[in-house]
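*Asks:* Based on what follows, work out the 3D shape:
(3 chains)
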Amino acid sequence: MSLARTSSGDIVKRQYAFKLKAHIDSYSSLVGIQMLALLFSFGGVGSMGSYGDGLNLEVKYYSSDLVLVFTAIWAFVTATTLTTRPYRNHDFTFVSNRLTSSLSNILFLASISLAGALTAMLAGNLLKVFVFIFADGPIYNQGTGLADLAAGTVIALFYLFLVTSAGYLIGSLVQVSKLFVILIPVVFFGSLFLDAVANREPIVNNVFQFYIMESSLLLLMVKTLITSAALLAAAVAILNRLEVRR
Amino acid sequence: MLNSESTKPIYVQIAEWMESEILNGHFEADQKVYSQYQLADMYTINPATAAKGLSLLVDEGILYKKRGLGMFVAEGAKEKILNKRKNQTLKRLVRELVLEAERLHISREELVSMIHNAKEGEGRQ
Amino acid sequence: MKVVECNGLTKAYLKKEALKGLTFSLEDHKITGLIGRNGAGKTTLLKLIAGFTKETSGEIKVFGERPFNSLSVSANSIFVDDQMSFPPALQLAELLEEAARFYHNFDSGLAKRLFDYFGFKADGYHNRLSKGKTSIFNGIIGIASRCPLTIFDEPTTGMDESARKDFYRALLKDYIAHPRSIILSSHHIDEIEDLLEDVLLLKEGKQLLHEPVSELKEWAHGIKGPSEKVLKASEGHDILYRQLTGADTLYAAVRDFSGTLLDAAAGAGLEVTPVRVSDLFIYLTNETKGGIDDVFSQN
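*Replies:* Prediction:
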């Protein structure tokens, strides 16, 4: 029997298609989680009122940011799940090595980031429609044009991909040692605590500002993409050494 | 037909079965016999085991090999098999019979008459 | 061609050695039985061959390559056992389609016919199958994939008698039509003995023997008679097993070293019987020369 020749590219493609089908359940959980976020958002994220001289003024803010936050949590969880043993084993039932397994995972993560970004943006519009129908009084809103929607989707895509990359790395660290389950939160909250004790601005805050407060779209894309690449490279290097089915 | 409980190796059982087929006249001289793969399929055994059974018969001159064509029954195969069975199988059985008779303290005359009886019994059937 | 080559292959899990310096090679197009008791290292070895795990020391080559992270080894081999894991979202028929997309030689027609024969439903789910059905389904994938190296680790776990027979017969028929290298591990040697060409016997992570299975029936002889005579006849040979079967009657399984054993036994008027392969393996892999009876005869 002659040996079959295969290329990594070909196997990555097949694994990617396989994963799109195999993770069908995660799409329905995405829809569920976005619905939930919408429900919370519908109450308004903030309101203020003032009274005087028989005049009663009440302003209510609505934002679909919560949908994006929930979507990010979903993306993070999905990314970490990919690194768990059952999911790694699935690949090795058929043809795989650790590199093709990771590369197809990354393609899959990029895809769910895109799906998450698109649906989150559309959910934001849905919120506007709801508010338009159900809320009383005049409505003022920002960013309804197609260009805004496109820009919003792109930004959300890059953020979500950054989140999944971090999730993939953290997931793979946990696969090396379960200690990381404790270690990572300890480092995170520990740094917050230490910064508070030292009475300085938290590092976490700086990190947040570095990525979120970037006003240039191009710079934001460059920043998140480079960070994602670094996180994923580290994860691939870690996963490349791990045994399966042991 | 094969007996995995038997203490005889499978390839010996295959060879013996092939011999019986020749004795029964299912295969004539210069006729092609089953290939190792047919035998393997028939008895759910490894083809290499079947091949070993066949080559046992080639070694004894009961079968001969034609390159690329398969195994064929040799001239005078039947006689060879009969001779072999007489000389080996029957002799061994007789030896065991005699040993068992000694253990049971059966006299020579008694044993001979038992053989006579058995033969007559077979004749009547 | 050598399909698998191991040289001083050692595998340790947390300092406990599961394999201790295996050196052997497997030839192309043979069905090799990997035999051993529970914990002898069978599965450990097979997972190394499949490239799932990493050797601790020594060398392992499959198709001339180190299997760990080799895409070529993965594409040309399949590891089948009852723990094979599939995405729970996919239906059984979809799993067969996926297998066909990954494995070059996959015979979808054969897979479908076996699938129907064993009464699987296309819209069933793998994680809802019974133990025996799981093994059958995995076995179908293993056979239909026609990988140049096909590894079955205890493939008939949970199968009933007739399913086992059908499975092994299907495997053999497909092997005859499409010869390839197959490794079958089992602790039921009786079940697979006829199917095998070679046997690799493991004991406590070491290899005990690696021989054609046809040689094994004459490997040792059972000798029975008065203890003293049995012991005398087997002098200079290796007694693998002994058991008292009467007041002074000893049964001993003896490995013949010089070809003089049978004559000596016959001369002493002892009863000589061949030793069944499955019994031989029990004797060889036992911790002591006695059997379970000795545990009870201590008091």
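*Asks:* Briefly note if the strand or helix carrying residue B:38 comes near chain C.
*Replies:* Taking DSSP states H and E as the definition, residue B:38 sits inside helix B:36-43. Yes - with CB under 8 Å from any CB of the partner chain as the measure, helix B:36-43 is seen reaching chain C through B:37, B:40, B:41, B:43. C-beta here means a position set from N, CA and C on the backbone, and glycine is covered the same way.
*Asks:* Relative to residue C:71, how far out is residue A:7?
*Replies:* Separation of residue A:7 from residue C:71 (CB to CB, to the nearest Å): 8 Å.
*Asks:* Which helix or strand lies directly C-terminal to the lowest-mean-pLDDT helix or strand in chain A?
*Replies:* In chain A, no helix or strand scores lower on mean pLDDT, DSSP states H and E than strand A:46-52, which sits at a mean of 76. Using DSSP H and E, the helix or strand that follows strand A:46-52 towards the C-terminus is strand A:55-61.
*Asks:* Count the neighbours of the residue nearest to residue C:21 when sequence neighbours are not counted for me.
*Replies:* The shortest distance from residue C:21 to any non-neighbouring residue, by CB to CB, 6 or more residues apart in numbering or on different chains, is to residue C:8 (4.8 Å). If you count neighbours by other CB atoms under 10 Å in any protein chain shown, residue C:8 ends up with 13.
*Asks:* For the host helix or strand of residue C:8, buried residues please.
*Replies:* Assigned by DSSP H and E, residue C:8 belongs to strand C:2-13. Of the residues in strand C:2-13, C:3, C:4, C:5, C:6, C:9, C:10, C:11 count as buried by neighbour count, 16 or more other CB atoms under 10 Å in any protein chain shown.
*Asks:* Please render the residues you listed as a markdown table that adds pLDDT and distance to residue C:185 to the earlier fields.
*Replies:* Formatted as a markdown table, the buried residues of strand C:2-13 follow (pLDDT from 0 to 100; distance: CB to CB, whole Å):
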| residue | pLDDT | distance to residue C:185 |
| --- | --- | --- |
| C:3 | 96 | 15 |
| C:4 | 97 | 13 |
| C:5 | 97 | 18 |
| C:6 | 97 | 15 |
| C:9 | 97 | 16 |
| C:10 | 96 | 19 |
| C:11 | 96 | 15 |
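*Asks:* In those, find the pair that's most separated.
*Replies:* By the measure CB to CB, C:3 and C:10 form the most distant pair in the buried residues of strand C:2-13, at 20.6 Å.
*Asks:* List buried residues within the residues of helix B:36-43 next to chain C.
*Replies:* Using 16+ other CB under 10 Å, the buried ones in the residues of helix B:36-43 next to chain C are B:37, B:40, B:41, B:43.
*Asks:* And the pLDDT for the first one?
*Replies:* According to the model's per-residue confidence, residue B:37 sits at a pLDDT of 95.
*Asks:* For it, give me its contacts.
*Replies:* Counting by CB atoms under 8 Å, 6 or more residues apart in numbering or on different chains, residue B:37 touches B:47, B:50, C:176.
*Asks:* isn't the first one right next to residue B:53, touching?
*Replies:* No - counting by CB atoms under 8 Å, residue B:47 stays clear of residue B:53, with 10.6 Å between them.
*Asks:* Quickly check: stretch A:112-126 near chain C or not.
*Replies:* No - Stretch A:112-126 stays clear of chain C (CB under 8 Å from any CB), getting no nearer than 14.6 Å.
*Asks:* Enumerate the residues of chain B near chain C.
*Replies:* Counting by CB under 8 Å from any CB, the residues of chain B that sit close to chain C are B:2, B:4-5, B:7-11, B:37, B:40-41, B:43-49, B:52, B:99.
*Asks:* make it 6 Å
*Replies:* B:7, B:9-11, B:37, B:40-41, B:44-46, B:48-49, B:52 (CB under 6 Å from any CB of the partner chain).
*Asks:* Weed out the non-buried ones from these.
*Replies:* Buried, going by 16+ other CB under 10 Å: B:9, B:10, B:11, B:37, B:40, B:41, B:44, B:45, B:46, B:48, B:49, B:52, out of the residues of chain B next to chain C.
*Asks:* Pick out the residue nearest the middle of chain B.
*Replies:* residue B:16 (3.5 Å; CA atoms, centre = their mean).
*Asks:* Which helix or strand contains that residue?
*Replies:* helix B:10-23.
*Asks:* Any idea how far that helix is from the middle of the chain?
*Replies:* 5 Å (CA atoms, centre = their mean, to the nearest Å).
*Asks:* Using CSV, write out the CA atom coordinates for it.
*Replies:* Taking C-alpha atoms only, helix B:10-23 is exported to CSV below (Å, rounded to 0.1, in the frame of the first residue of the first chain):
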residue,chain,number,x,y,z
ILE,B,10,-3.5,-24.3,12.1
TYR,B,11,-1.2,-24.7,9.1
VAL,B,12,-0.9,-28.4,9.8
GLN,B,13,-4.7,-28.6,9.9
ILE,B,14,-4.9,-26.8,6.6
ALA,B,15,-2.4,-29.2,5.0
GLU,B,16,-4.3,-32.2,6.3
TRP,B,17,-7.6,-30.8,5.1
MET,B,18,-6.1,-30.2,1.6
GLU,B,19,-4.8,-33.8,1.7
SER,B,20,-8.3,-35.1,2.5
GLU,B,21,-9.7,-33.0,-0.4
ILE,B,22,-7.2,-34.7,-2.7
LEU,B,23,-7.9,-38.2,-1.2
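*Asks:* Show me what it is packed up against.
*Replies:* Judged by 3 or more CB pairs under 6 Å, 6 or more residues apart in numbering or on different chains; DSSP states H and E, helix B:10-23 is in contact with helix B:47-59, helix B:77-84.
*Asks:* Just to be sure, residue C:25 is in a helix?
*Replies:* No - under the criterion used here (DSSP: H, G, I helix; E, B strand; the rest coil), residue C:25 is strand, not part of a helix.
*Asks:* For residue B:65, pull up the helix or strand it's in.
*Replies:* strand B:63-66.
*Asks:* strands paired with that strand, and their directions?
*Replies:* strand B:70-73 (antiparallel) (DSSP bridges).
*Asks:* show me the contacts for the residue nearest to the centre of chain B.
*Replies:* By CB atoms under 6 Å, 6 or more residues apart in numbering or on different chains, the contact set of residue B:16 is empty.
*Asks:* Sweet, I'm off.
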